[in-house]
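*Asks:* generate coordinates for the sequence data below:
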Amino acid sequence: MAKFGKWLAGGLGWAFFGPIGGILGFVVGSMFDSEKIMTNGNGVRSQQTTTGAYVMSLLVLIAAVMKADGKVLKSELEYVKQFLARTFGTASSQEALRMLRDLLKQDIPVADVCHQIEKNMDYSSRLQLVHLLFGVAQADGHVDVAELNLITQMSNNMGISSKDFESIKSMFVKDTTAAYKILEVDPNASDEDIKKAYRKMAMKYHPDKVSYLGEDIQKSANEKFQKVNEAYESIRKERNIA
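*Replies:* Okay, the predicted model is just below:
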């Protein structure tokens with residue numbers, strides 16, 4: 001695992017334990033024997049979500065989504081590769097991709113993994129996980145029904161509200177009311193309610209909410225934030241809202 005493995009082992013925190021830890025132990029093996037795992041100094045897992053814990057949670061869920069439709073596509077691997085390269089650099093992204101390929105060989109207890117994430121990760125970071133999973137699912141140009149069903153299940157098990165899930169889903173699965181769903185507002189809502197909804201969603205999805213996970217993940221979160229702005233602009237032009 002070289003540099004990526006050393007960095008990862010030093011920042012796993014709570015992800016080293018529970019079902020995610022069991023999966024990681026199978027994948028990276030002896031890496032944990034020589035590297036220090038983040039604890040609170042008493043051998044107790046850290047409750048803070050580190051970038052390492054976030055990324056490993058993401059890789060485990062990505063592996064499950066990629067297998068959902070019964071085939072792992074090159075376009076999906078390329079999407080993940082580009083995300084990892086932007087986040088860690090080319091060399092480390094190759095190591096992370098090899099880890100993902102090992103994860104793809106495993107049976108992942110999705111519900112258990114998601115419950116562990118719900119207990120240990122803040123809500124804004126969980127929203128960003130759902131957004132990234134939809135990005136992987138749509139890498140081939142559309143979101144397969146099996147992938148959509150699995151991401152829906154993951155979202156529920158991670159404690160994401162139905163409105164927030166529909167908001168993110170509508171950024172990838174379009175219909176005539178997609179812009180309204182992104183803002184979590186009814187198409188019959190007043191102009192003033194539309195403005196209030198926009199302000200609320202802009203605050204909820206602001207990239208600063210996940211700034212502690214690092215600059216690159218914050219940049220990725222900006223994609224979701226931009227979708228909120230685009231949805232509002234679409235409705236504003238449609239209704240001629242000043």
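*Asks:* tell me the mean pLDDT for the longest helix that the chain contains?
*Replies:* As assigned by DSSP state H, the longest helix anywhere in the chain is helix 215-239. Here helix 215-239 scores 90 as its mean pLDDT.
*Asks:* and for stretch 90-97?
*Replies:* Here stretch 90-97 scores 77 as its mean pLDDT.
*Asks:* residue ranges with poor pLDDT in this protein?
*Replies:* In the predicted model, the chain carries pLDDT under 70 at residues 1-11, 26-47.
*Asks:* okay, now the domains of it?
*Replies:* With domains defined by automatic domain parsing, the chain comprises 2-160, 174-242.
*Asks:* tell me which strands and helices the longest helix of the chain is in contact with?
*Replies:* Under the contact definition 3 or more C-beta pairs under 8 Å, 6 or more residues apart in numbering; DSSP states H and E, helix 215-239 sits against helix 74-88, helix 123-137, helix 178-182, helix 191-204. The C-beta positions use only the backbone N, C-alpha and C, and glycine is treated the same way.
*Asks:* what sits against residue 166?
*Replies:* Residues near residue 166 by C-beta atoms under 8 Å, 6 or more residues apart in numbering: 181, 184.
*Asks:* typo on my end, residue 154
*Replies:* 61, 64-65, 110, 114, 130, 133.
*Asks:* which of those fall in helices?
*Replies:* 61, 64-65, 110, 114, 130, 133.
*Asks:* Throw these into JSON lines and include distance to residue 90 and neighbour count, thanks.
*Replies:* Rendered in JSON lines, the data for the ones in helices among the contacts of residue 154 read as follows (distance: C-beta to C-beta, whole Å; neighbours: other C-beta atoms under 10 Å):
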{"residue": "61", "distance to residue 90": "23", "neighbour count": "26"}
{"residue": "64", "distance to residue 90": "26", "neighbour count": "23"}
{"residue": "65", "distance to residue 90": "24", "neighbour count": "25"}
{"residue": "110", "distance to residue 90": "30", "neighbour count": "18"}
{"residue": "114", "distance to residue 90": "31", "neighbour count": "25"}
{"residue": "130", "distance to residue 90": "27", "neighbour count": "22"}
{"residue": "133", "distance to residue 90": "23", "neighbour count": "24"}
